[in-house]
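K.L.:
need coordinates for the below:
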Amino acid sequence: LDVVCKLADHIDRVFGPGEEQLHGYPGHPEIELALMRLYDVTQEPRYLALVKYFIDTRGTQPHFYDIEYEKRGRTSYWNTYGPAWMVKDKAYSQAHQPL
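P.N.:
Just a heads-up that it's a prediction; the model follows:
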């Protein structure tokens, strides 16, 4: 549990509405389920707030994937399905529209 909490704390420091944070969300939405389960066990309110942030931010404009793609010089680390597939196929990561 300590290891999982350290990882969740790191994610909470990296992502969020703060000035020094990434204003986006991970590529796959199952993190919200994992954070909710962690919140259920720990009752740490930051985990619940991070879930809400990810849900409220996913699929909004300007689109996080587009911003990151431009920031990285229009390059992608994972070209398995063709260049910039997460930018082109936002429905794959359930980020094509707000919840």
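K.L.:
in this structure, which residue is most central in space?
P.N.:
Tyr25 (1.8 Å; C-alpha atoms, centre = their mean).
K.L.:
excluding its backbone neighbours, what's nearest that one?
P.N.:
Phe54 (4.6 Å; C-beta to C-beta, 6 or more residues apart in numbering). Where C-beta positions appear, they are placed from N, C-alpha and C, glycine not excepted.
K.L.:
all strands of the chain, in order?
P.N.:
Using DSSP state E, no strands are assigned anywhere in the chain.
K.L.:
which parts of it are helices?
P.N.:
Remark: helices assigned in the chain by DSSP state H are 2-14, 30-42, 45-57, 64-71, 85-88.
K.L.:
could you check the angle the first one makes with helix 45-57?
P.N.:
With axes from the mean of the first three to the mean of the last three C-alpha atoms, to 10 degrees as the basis, helix 2-14 and helix 45-57 are set at 50 degrees to each other.
K.L.:
summarise which helices and strands helix 2-14 is packed against.
P.N.:
helix 30-42, helix 45-57 (3 or more C-beta pairs under 8 Å, 6 or more residues apart in numbering; DSSP states H and E).
K.L.:
out of those, indicate the one that is most buried.
P.N.:
Highest mean neighbour count among the helices and strands packed on helix 2-14 (mean count of other C-beta atoms under 10 Å): helix 45-57, with a mean of 17.
K.L.:
about what we covered before: okay, the residue nearest to Tyr25 and Thr75: tell me how far apart.
P.N.:
Phe54 sits 25 Å away from Thr75, going by C-beta to C-beta, to the nearest Å.
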